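> attaching a predicted model along with its sequence, questions to come.
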Amino acid sequence: MSESLKTTSVPQAVYDALRESIVTSAEAPGALLTETAIAVRYGVARPTAKAALERLVSEGLLSRRPHHAAQVTELSRDDIEDLYGNRALLEEAALGILASDGVVPIAALSVHRELLEHARADNRAALARTDVEFHRALVLAQHSTRLAKMHGLLMGEIELCIGQVQSHQLIRPDEIAEQHQSILDAVAARDVDLAARLTREHIIYARDRLLQKYDDDHSEDS
């Protein structure tokens, strides 16, 4: 039986649905995804399924070797540390730039309001999506296009991390909402140092909990 898709173009709908299933860990790390299976699941043609898979490979959510099925990316401990370390550097710089202007992006405020609703409802899948959108909106709002481009290159794998944090309930929704609000307040107050520091602390807080989960899981396997 095929799964239903949101009302949009078919290729975009397949991509969106598959992306969400990966980010929310409905598709476990290491899971194999074939064009035929995706086509059957969503009731679409194989070329449409192939396009969605290739797009997700380009974003780092899937990996693929020649003549092999696509596979949900599995992140090692070093991968997690590297991703969060680079993310912290980029977002710390971006929030410093935003705070120097003292203007809170409208897009970030809108996403933050949506995130608050998901936090109250404890909707983890939606919370992961809006968490990603919040940080993306902040970085895109600062004036360095190169910084935003570098951040965008990381975001596919970062989404995997954020999805795992939410699916395993490693951080309470109200904690995320409070930390986001503190960052927005620092930007509005034009406090460059505080905005940058709170951003780094927010990212490292999530990293440490994901690393603890990783260590716990792998200690059980050993």
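Received it, and whenever you're ready, just let me know what you need.
> for the longest helix that the chain contains, which positions count as buried?
When every helix of the chain is counted residue by residue (DSSP state H), the longest turns out to be helix 192-221. Neighbour counts over helix 192-221 (16 or more other C-beta atoms under 10 Å) mark 192, 194-200, 202-203, 205-207, 210, 214 as buried. From N, CA and C alone the C-beta is placed, and that goes for glycine too.
> max pairwise distance over those: which two?
Taking C-beta to C-beta, the two most distant members of the buried residues of helix 192-221 are Val192 and Tyr214; they sit 33.1 Å apart.
> closest to Phe134 among the buried residues of helix 192-221?
His202 (10.5 Å).
> Gly60 falls within a strand, correct?
No: applying DSSP: H, G, I helix; E, B strand; the rest coil, one finds Gly60 to be coil, outside a strand.
> what residues are up against the residue nearest to it when sequence neighbours are not counted?
Nearest residue to Gly60, sequence neighbours excluded (C-beta to C-beta, 6 or more residues apart in numbering): Gly156, at 3.6 Å. Contacts for Gly156 (C-beta atoms under 8 Å, 6 or more residues apart in numbering) come out as 56, 59-61.
> go on, Ala108?
134, 137-138, 141, 184.
> among those, which ones are in helices?
Reading helices off the contacts of Ala108 with DSSP H, I get 134, 137-138, 141, 184.
> rebuild those as CSV, extending it with pLDDT and neighbour count.
What follows is those, written out as CSV (pLDDT from 0 to 100; neighbours: other C-beta atoms under 10 Å):
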residue, pLDDT, neighbour count
Phe134, 96, 23
Ala137, 96, 18
Leu138, 97, 27
Ala141, 96, 20
Leu184, 97, 21
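> list the contacts for the residue most central in space within the chain?
Compute the mean C-alpha point of the chain, and by C-alpha atoms, centre = their mean the closest residue is Glu159, 2.2 Å away. Going by C-beta under 8 Å, 6+ apart, Glu159 touches 23, 61, 128, 132.
> of those, which belong to helices?
Short answer: the contacts of Glu159 in helices (DSSP H) are 23, 128, 132.
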